[in-house]
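Participant: please find the sequence and the predicted model below.
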Amino acid sequence: MRVAVIGAAGRMGKVLIEAVDGTEGLELGAAVVAPGSSLIGADAGDMTGIGKTGVSMAGSLEDVKDDFDVLVDFTFPDLTLENAEFCKDNGKMLVVGTTGMTDAEKARLALAAESAPIVFAPNMSVGVNVVLNLLRTAAATLGDDYDVEIVEAHHRHKKDAPSGTALRMGEVVANALGRDLKECAVYGREGFTGERTRNEIGFETIRAGDVVGDHTVLFATEGERIEVTHKASSRMTFAKGAMRAALWLQDKPARLYDMQDVLGLKG
Ligand SMILES: NC(=O)C1=CN([C@@H]2O[C@H](COP(=O)(O)OP(=O)(O)OC[C@H]3O[C@@H](n4cnc5c(N)ncnc54)[C@H](OP(=O)(O)O)[C@@H]3O)[C@@H](O)[C@H]2O)C=CC1
Ligand SMILES: O=C(O)C1=N[C@H](C(=O)O)C[C@H](O)C1
């Protein structure tokens, strides 16, 4: 199966190229960087530790449309939505790791998935997806008596907040508690906020240095607290998940899937 990586010179893009190289059943078909980039024409392996791949970096998907079967996209919302249209119109599968989409943008992606098989997940690590199931169980068992707070930390370059993973964790907990995250989420606190309301789910964001991605969900009541923490120490954990998603998509009909589908974690 031939893979194209878009955003190939990005933090995730470089690691995704390495991951394709290390995955049986996948080969690099194309690597796309921003139009006008000085990297156009360079070998996609040059930016990584894998050496020459024989694939020259392109400045647009259109230029490589015959060279791949599945597109892996960890970029930013506007570009991902353009790419989803491209995949829909050209019979390609798509794996999306991009975060920071609005509800309207997610709806556009879902619409494209009516005509193209798409896996879309804010975190492709196996560990985080197992944690989502632990959170569902914890929240359903602990119930409304426990306050829920979600703390996430990422590198200084991250553009969206809270992280897509933190928001998904919030959704999972809110659903298990019969709440709507839109109504109970509180993002950061400052000044004379008053006491915490019983049903709110709080989010705190840290941006610093080179943190790859840490998430903690705290359940606290009078007398005890539980902290469920996941720490990613290498971007390769996300990239390997994306490779699993690409292989899994091979025989799937058009639909919007997530990593819980890929990993068989849905009940
Ligand atoms: N789902 C998951 O498991 C994970 C998701 N993510 C998400 O992935 C996304 C990307 O993160 P990260 O790699 O850190 O971001 P980067 O900013 O490092 O990467 C994005 C890349 O896209 C390039 N780009 C810009 N415009 C185009 C274009 N038109 N065509 C091709 N490439 C283009 C940028 O180039 P330039 O800099 O020249 O503009 C940049 O190299 C984020 O949304 C992040 O949250 C990250 C990790 C894991
Ligand atoms: O931008 C990142 O780096 C990451 N983004 C994802 C998110 O927003 O949840 C996943 C991961 O934590 C790294």
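Facilitator: Great, that's in hand. Ligands and ions are numbered 1, 2, ... in the order given.
Participant: tell me how many other residues crowd the residue in the chain positioned nearest to ligand 2.
Facilitator: Residue of the chain nearest ligand 2, by C-beta to the nearest ligand atom: Gly213 (2.8 Å). C-beta here means a position set from N, CA and C on the backbone, and glycine is covered the same way. Gly213 has 23 neighbours, counted by other C-beta atoms under 10 Å.
Participant: one more: the one 3 residues further on?
Facilitator: Burial of Thr216 is recorded as 17 neighbouring residues (other C-beta under 10 Å).
Participant: in CSV, list the C-alpha atoms belonging to the helix or strand containing it.
Facilitator: In the assignment (DSSP states H and E), Thr216 maps to strand 213-221. In CSV, the C-alpha atoms belonging to strand 213-221 read as follows (Å, rounded to 0.1, in the frame of the first residue of the first chain):
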residue,chain,number,x,y,z
GLY,A,213,2.3,15.3,25.1
ASP,A,214,1.2,14.7,28.7
HIS,A,215,-2.4,14.3,29.9
THR,A,216,-3.8,13.8,33.4
VAL,A,217,-7.4,13.3,34.3
LEU,A,218,-8.1,13.9,38.0
PHE,A,219,-11.2,12.5,39.8
ALA,A,220,-11.3,14.0,43.3
THR,A,221,-13.8,13.9,46.2
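Participant: list the buried ones in it?
Facilitator: Using 16 or more other C-beta atoms under 10 Å as the test for burial, strand 213-221 gives Gly213, Asp214, His215, Thr216, Val217, Leu218, Phe219.
Participant: ok, then the element right after it?
Facilitator: Heading C-terminal from strand 213-221 (DSSP H and E), you reach strand 224-232.
Participant: strands paired with that next one, and their directions?
Facilitator: Paired neighbours of strand 224-232 in the sheet (DSSP bridges): strand 213-221 (antiparallel).
Participant: pLDDT of the strand holding Thr216, averaged?
Facilitator: Mean pLDDT, strand 213-221: 98.
Participant: re earlier: wait, the residue of the chain closest to ligand 2 touches Ala166, no?
Facilitator: No - judged on C-beta atoms under 8 Å, Gly213 makes no contact with Ala166 at a distance of 9.8 Å.
Participant: who touches both of the two?
Facilitator: Glu152 (C-beta atoms under 8 Å, 6 or more residues apart in numbering).
Participant: helix, strand, or coil at Asp144?
Facilitator: helix (DSSP: H, G, I helix; E, B strand; the rest coil).
Participant: one more: Glu85?
Facilitator: helix.
Participant: what sits against it?
Facilitator: Counting by C-beta under 8 Å, 6+ apart, Glu85 has contacts Ala112.
Participant: let's see it at 10 Å
Facilitator: Arg108, Leu109, Leu111, Ala112, Ser115, Ala116 (C-beta atoms under 10 Å, 6 or more residues apart in numbering).
Participant: ok, it to Asn199 distance?
Facilitator: Note on Glu85: its distance to Asn199, by C-beta to C-beta, to the nearest Å, is 39 Å.
Participant: likewise for Asp66?
Facilitator: 53 Å.
Participant: more neighbours: those two, which one.
Facilitator: Asn199 (14 against 9).
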